[in-house]
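>>> Build me a structure from this.
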Amino acid sequence: MITITADHLTLLAYLRFDWDDECEWGAVSTDPKRPFGDSDVPGDISDILGRHVDHDEARKLTIELAAIVQEAVSAAVTHPAEAGIEPGTTVTPDRRARLLLDGTR
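Next up, the predicted model:
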């Protein structure tokens with residue numbers, strides 16, 4: 001059981017998602033080596049949270065974040081209206097998604 005904290009929500013806002021063309025038909029993913037943009041994950045998390053985070057705490061936080069994201073996606077799939085996902089809802093794709101939708105790579 002994971003209790004969601006303010007740190008989790010702060011980190012979630014910085015988690016970088018991308019589209020992985022190499023996975024079958026493609027999939028939403030995050031780079032496991034650079035989930036926040038740089039390969040120094042403890043350093044990135046320390047910068048984002050404004051306090052020192054060691055390797056063990058950074059690992060724990062990223063594992064917890066994965067579980068939280070999985071739970072959020074599951075909730076959105078099983079109860080889309082409660083997640084604000086319903087016919088007529090608009091979303092703004094990021095640059096990479098727009099290029100893929102336009103057929104450009």
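
>>> Spatially central residue in the chain, please.
residue 15 (4.4 Å; C-alpha atoms, centre = their mean).

>>> can you tell me which residues contact it?
Taking C-beta atoms under 8 Å, 6 or more residues apart in numbering as the criterion, residue 15 is in contact with 30, 35-36, 65, 69. All C-beta atoms are positioned from the backbone trio N, CA, C, and that covers glycine.

>>> For it, give me phi and psi.
Backbone torsions of residue 15, given as degrees, to the nearest 10, read phi -60, psi 130.

>>> ok, and what's touching stretch 82-95?
Stretch 82-95 is contacted by residues 72, 75-76, 80, 101 when judged by C-beta under 8 Å, 6+ apart.

>>> Can you give the distance of it from its chain's centre?
Computed by C-alpha atoms, centre = their mean, to the nearest Å, the chain-centroid distance of stretch 82-95 equals 16 Å.

>>> what does stretch 66-79 give?
Offset of stretch 66-79 from its chain centre (C-alpha atoms, centre = their mean): 11 Å.

>>> buried set for that stretch?
Neighbour counts using 16 or more other C-beta atoms under 10 Å place 68-69 of stretch 66-79 among the buried residues.

>>> No further questions, thank you.
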